[in-house]
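Enquirer: Sequence and predicted model, in that order:
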Amino acid sequence: MFNNRVKINELLQRGETGHQVTVMGWVRSFRNNQFIALNDGSTNNNIQIVATLGNFDDALLKRITIGASLKAAGELVPSVGKGQKVEIMAASIEILGDCDAEKYPLQPKKHSLEFLREIAHLRFRTNTFGAVFRVRHALAFAVHQFFNNRGFIYLHTPIITASDAEGAGETFRVTTLPFEGPPRNEDGSVNFKEDFFGRSTNLTVSGQLEGELAAMAFSDIYTFGPTFRAENSNTARHLAEFWMIEPEMAFYDLEDNMNLAEEFIRYIIQYVIDNNATDLEFLSQRLAEEEKSKPQAERSEMSLTEKLQFVVGNQFERLTYTEAIEILKESNHNKKKKFQYPVDRWGIDLQSEHERYLVEKHFKKPVILSNYPKEIKAFYMRQNADGKTVAAMDILAPGIGEIVGGSQREERLDLLEARMKEMNIPSHELWWYLETRKFGTVPHAGFGLGFERMVQFVTGMTNIRDVIAFPRTPGSAEF
Ligand code: ATP
Ligand code: MN
């Protein structure tokens, strides 16, 4: 058997010395031709391997370079040196893969995040990305655990759909028609009847509508999958391909929905606090370091770990859209014309600068805004009795802005159909969606959480491109 190794994380956790161990990993550093720092990705902590002088050939020692992979076996002993409790006294070292130190892009120095994006195939080997992707994994695991504990069914909704759920954004077309001379209708438009699915199709922008169908049988479901938006917004919080978690619950109203979303966010953050302490500590220090280059006024008041503790320990602030508009309108910021988009009337769509003012300056904590004007929200949101607003809710997070968008859904067929007509949504295409309102309709609600924005929030990474392995953004699909 080749693989009788123990992972470095487990080895360090156990810390039990006096027996033979085998480890494998990649060399992070090699000091004094004697001390190897080896990492295998199970933790940011390296294991020190001591290659006692004279015990190993020069030819072998020369091949122990940064980035090389190797297998080392020997006794785990208490370390006499500083910086680690235990180390391995190497009895054997076998190089598995050489690494030309001259050509290896990851030099033992600080690289910029921009540079590391260009070598996304190697950036997993840095401490920053090691921590980010272990935290991302932990969050994903916690998502499933949270819903499973509550009896939700994990539903896989289609990636290829014929509907643009809500006009959420530009879609990516899916087609097998030729670019040169596609079949045409008499009026000259492309004839999608000849296309693979016999109609025009695109990559999904949301699994919500399909999710609602299943909630009308299972009561509680969630989706967790990739979504695609061809929006040409080159921001630090938009991707063309991102992962979304979308629970849908029958017998829920807006308040139940807000309660679940808040409990959910706290749960997954708590999971990371409990299980990824080393990674969070590292990311917290990394962020503090990064913030030193910012002017004092722009630095956060809390460290990353303090912020996360604060979020799990405190209720989110809840207020209506109408109340938020009042706060914004009356703010000195607005009066001094410091918003790019002035807040002058009820009904405007909130810009990210407004959202960030509310969470970062005014409340200094996550905020749930509810009951938005119906004109700025999707057709399926439940209409309130005032005739002006819908039972929508957005959760805004410090440093990120919108992290969750949700609503109570319109379960009343007549109101839903009327709203679709007003908004020019072709109801014949959504006949299946409307049927749930005809056959045993129930009050229900749901929300969508952008997974990468959540990972950003928990890791403190400022750019969304640094929390997904291989980001897809306008003009960029390398790897
Ligand atoms: P925004 O106003 O920030 O573009 P949105 O209103 O388009 O968001 P929704 O359609 O409500 O967002 O999608 C639900 C969630 O998905 C959002 O709250 C956000 O967390 C996430 N999200 C939306 N668009 C993107 C994107 N392009 N990249 C990453 N996450 C996204
Ligand atoms: Mn958007």
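Expert: Alright, I've got the coordinates. Everything numeric in this text was worked out from a predicted model, so none of it was measured. Ligands and ions are numbered 1, 2, ... in the order given.
Enquirer: ok, which stretches of the protein are helices?
Expert: Assigned helices in the chain, in chain order: 8-14, 58-62, 113-118, 127-149, 208-218, 254-275, 277-291, 304-313, 321-330, 332-335, 352-356, 413-422, 431-435, 451-459 (criterion: DSSP state H).
Enquirer: quick one, the last one and helix 127-149 angle?
Expert: Translated: helix 451-459. Helix 451-459 runs at 120 degrees relative to helix 127-149, counting by axes from the mean of the first three to the mean of the last three CA atoms, to 10 degrees.
Enquirer: quick one: helix 451-459 near ligand 1?
Expert: Yes. Residues of helix 451-459 are located near ligand 1 by CB under 6 Å from any ligand atom, namely 452-453. Where C-beta positions appear, they are placed from N, C-alpha and C, glycine not excepted.
Enquirer: Return the angle between stretch directions for that helix and helix 277-291.
Expert: Using the same axes, to 10 degrees: helix 451-459 against helix 277-291 is 90 degrees.
Enquirer: just checking, what packs against helix 451-459?
Expert: In terms of contacts (3 or more CB pairs under 8 Å, 6 or more residues apart in numbering; DSSP states H and E), helix 451-459 is packed against helix 127-149, strand 241-250, helix 254-275, strand 401-409.
Enquirer: ok, the second one near ligand 1 or not?
Expert: Spelled out, it's strand 241-250. Yes. Figure legend: strand 241-250 in contact with ligand 1 (CB under 6 Å from any ligand atom); contacting residues 242, 244.
Enquirer: again with the third one
Expert: No. On the criterion CB under 6 Å from any ligand atom, helix 254-275 is out of touch with ligand 1, staying 10.6 Å away.
Enquirer: Tabulate the helices and strands packed on helix 451-459 in CSV, adding columns for mean neighbour count.
Expert: Listed next are the helices and strands packed on helix 451-459 as CSV, based on neighbours: other CB atoms under 10 Å:
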stretch, mean neighbour count
helix 127-149, 19
strand 241-250, 24
helix 254-275, 19
strand 401-409, 24
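Enquirer: Turn those into TSV, including mean pLDDT.
Expert: Listed next are those as TSV, based on pLDDT from 0 to 100:
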stretch	mean pLDDT
helix 127-149	98
strand 241-250	98
helix 254-275	98
strand 401-409	96
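Enquirer: could these go into a markdown table alongside distance to I88?
Expert: What follows is the helices and strands packed on helix 451-459, written out as a markdown table (distance: least, CB to CB, whole Å):
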| stretch | distance to I88 |
| --- | --- |
| helix 127-149 | 20 |
| strand 241-250 | 38 |
| helix 254-275 | 26 |
| strand 401-409 | 43 |
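Enquirer: who wins for proximity to N33 among the ones you listed?
Expert: Set against N33 and scored by CB to CB, those come closest in helix 127-149, at 24.1 Å.
Enquirer: mind checking how far that closest one is from the chain centre?
Expert: 9 Å (CA atoms, centre = their mean, to the nearest Å).
Enquirer: Can you give me the separation between L328 and L369?
Expert: Distance, L328 to L369, by CB to CB, to the nearest Å: 11 Å.
Enquirer: shared neighbours, those two?
Expert: Common contacts of L328 and L369 (CB atoms under 8 Å, 6 or more residues apart in numbering): L358.
Enquirer: Skipping adjacent residues, who's closest to A215 in space?
Expert: Once flanking residues are discounted, A215 sits nearest to E248: 3.9 Å by CB to CB, 6 or more residues apart in numbering.
Enquirer: wait, what's in contact with M24?
Expert: By CB under 8 Å, 6+ apart, M24 lies in contact with 3, 5, 40, 69-72, 96.
Enquirer: Quick check: residues of this structure near ligand 1?
Expert: Applying CB under 6 Å from any ligand atom, we find that the chain lies next to ligand 1 at 168, 229, 231, 238-239, 242, 244, 402-405, 448, 450, 452-453.
Enquirer: Mind doing that once more with 8 Å?
Expert: Neighbours of ligand 1 within the chain, by CB under 8 Å from any ligand atom: 166, 168-169, 205-206, 227, 229, 231, 233, 237-240, 242, 244, 352, 394-395, 400-406, 447-454, 464.
Enquirer: which residues sit against stretch 75-83?
Expert: By CB under 8 Å, 6+ apart, stretch 75-83 touches 11, 16-21, 35, 48, 85-89, 91.
Enquirer: among those, who's most crowded?
Expert: Using other CB atoms under 10 Å as the neighbour criterion, I88 leads the contacts of stretch 75-83 with 26 neighbours.
Enquirer: isn't it right next to N46, touching?
Expert: No. Counting by CB atoms under 8 Å, I88 stays clear of N46, with 11.1 Å between them.
Enquirer: Please report how far R266 lies from V132.
Expert: Distance of R266 to V132, computed by CB to CB: 21 Å.
Enquirer: likewise Q456?
Expert: Distance, Q456 to V132, using CB to CB: 10 Å.
Enquirer: Then F251?
Expert: F251 is 38 Å from V132, by CB to CB.
Enquirer: Could you export stretch 221-238 as CSV, CA atoms only?
Expert: Listed next in CSV are the C-alpha coordinates belonging to stretch 221-238 (Å, rounded to 0.1, in the frame of the first residue of the first chain):
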residue,chain,number,x,y,z
ILE,A,221,-37.0,22.3,0.4
TYR,A,222,-33.8,24.0,-0.5
THR,A,223,-31.6,24.2,-3.6
PHE,A,224,-27.8,24.8,-3.5
GLY,A,225,-26.4,25.0,-7.0
PRO,A,226,-24.7,27.2,-9.6
THR,A,227,-26.6,30.2,-11.2
PHE,A,228,-25.6,32.3,-14.1
ARG,A,229,-26.0,35.9,-14.9
ALA,A,230,-24.5,37.6,-17.9
GLU,A,231,-24.7,41.0,-16.2
ASN,A,232,-21.8,43.1,-17.3
SER,A,233,-21.1,44.5,-13.8
ASN,A,234,-17.4,44.4,-13.0
THR,A,235,-17.8,44.8,-9.3
ALA,A,236,-16.1,43.1,-6.3
ARG,A,237,-19.4,41.3,-5.5
HIS,A,238,-20.7,40.1,-8.8
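Enquirer: wait, what's in contact with the residue nearest to N275 when sequence neighbours are not counted?
Expert: Closest residue to N275 apart from its sequence neighbours, by CB to CB, 6+ apart: A138 at 5.5 Å. By CB under 8 Å, 6+ apart, A138 lies in contact with 271-272, 275-276.
Enquirer: and if you look at P178?
Expert: By CB under 8 Å, 6+ apart, the contact set of P178 is empty.
Enquirer: still on that earlier bit, ok, the residue nearest to A215 - contacts?
Expert: 208, 211-212, 214-215, 220-222, 409, 444-446.
Enquirer: now do I325
Expert: By CB under 8 Å, 6+ apart, the residues touching I325 are 343, 346, 348.
Enquirer: repeat for L70
Expert: Contact analysis of L70 by CB under 8 Å, 6+ apart lists 24-25, 27, 36, 38, 64, 93-96.
Enquirer: Next, count neighbours for K294.
Expert: Neighbouring residues of K294 were enumerated by other CB under 10 Å; the total is 10.
Enquirer: For it, what are phi and psi?
Expert: Backbone torsions for K294, taken as degrees, to the nearest 10, come to phi -100, psi 160.
Enquirer: That one and ligand 1, how far apart?
Expert: Applying CB to the nearest ligand atom, to the nearest Å, the value for K294 to ligand 1 is 23 Å.
Enquirer: Which neighbours do Q456 and V132 have in common?
Expert: V467.
Enquirer: so what's D164 scoring on pLDDT?
Expert: Looking at D164, its pLDDT reads 60.
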